[in-house]
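**Student:** Okay, sequence plus prediction incoming.
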Amino acid sequence: MQTHQASCHCGGVEFEFTTDLSAPMECNCSFCVRRGAIFHRVEDNDVVVKRGEDLLTRYGNREFSDHFFCSRCGIHCFTRINFSGTTFHNVNLRCAQDIDVASLSPQMFDGANEL
Ligand SMILES: [Zn+2]
């Protein structure tokens with residue numbers, strides 16, 4: 001497990017998250033194909049917003065997925081998931097400065113059909 005520092009584009013939102021990077025994912029739902037994120041599941045307690053909590057704005061149905069964006073630069077930082085009562089975060093790995101996303105081999109989640 002390693003802790004990664006991450007931010008939105010303008011730097012208004014800074015957060016860190018801890019993960020082993022063992023299961024990066026992409027998703028083919030109508031939202032994810034547009035944003036192009038590669039994300040990773042992270043336990044709720046392992047995501048810490050260090051700065052700019054007040055800048056975060058939300059989008060989504062909120063029952064299953066609650067997407068958090070910087071309201072200034074529009075970058076998606078993470079999504080809070082509630083999957084049948086199990087909650088976790090899907091963090092946008094592209095927000096982390098120290099992760100070489102091109103070196104990852106993300107699995108495709110079939111969100112277009114499973115959500
Ligand atoms: Zn921003």
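**Tutor:** The structure has been received and is ready for your questions.
**Student:** give me the number of residues near the closest residue to Asn92 other than its chain neighbours?
**Tutor:** In this structure, Asn92 finds its nearest non-sequential neighbour in Ala37, 4.6 Å apart by C-beta to C-beta, 6 or more residues apart in numbering. Any C-beta I mention is one placed from the backbone N, CA and C, and that applies to glycine too. When neighbours are defined as other C-beta atoms under 10 Å, Ala37 has 25 of them.
**Student:** Enumerate the residues of the chain near the ion.
**Tutor:** Within reach of the ion by C-beta under 5 Å from the ion, the chain has these residues: 8, 10, 12, 70, 72-73.
**Student:** Would you reformat those residues as JSON lines and include distance to Met108?
**Tutor:** What follows is the residues of the chain next to the ion, written out as JSON lines (distance: C-beta to C-beta, whole Å):
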{"residue": "Cys8", "distance to Met108": "25"}
{"residue": "Cys10", "distance to Met108": "30"}
{"residue": "Gly12", "distance to Met108": "31"}
{"residue": "Cys70", "distance to Met108": "26"}
{"residue": "Arg72", "distance to Met108": "31"}
{"residue": "Cys73", "distance to Met108": "27"}
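**Student:** follow-up on the earlier one: just say helix, strand or coil for the residue nearest to Asn92.
**Tutor:** Secondary structure, DSSP: H, G, I helix; E, B strand; the rest coil: Ala37 is coil.
**Student:** Same question for Arg34.
**Tutor:** Secondary structure of Arg34, per three-state DSSP, is helix.
**Student:** Tell me how far Asn45 lies from Ala112.
**Tutor:** 30 Å (C-beta to C-beta, to the nearest Å).
**Student:** bridging residues for the spatially most central residue of the chain?
**Tutor:** In the chain, the centroid-proximal residue (C-alpha atoms, centre = their mean) is Val91; its distance is 2.3 Å. Beta-bridge partners for Val91, by DSSP bridges, are His40, Phe78.
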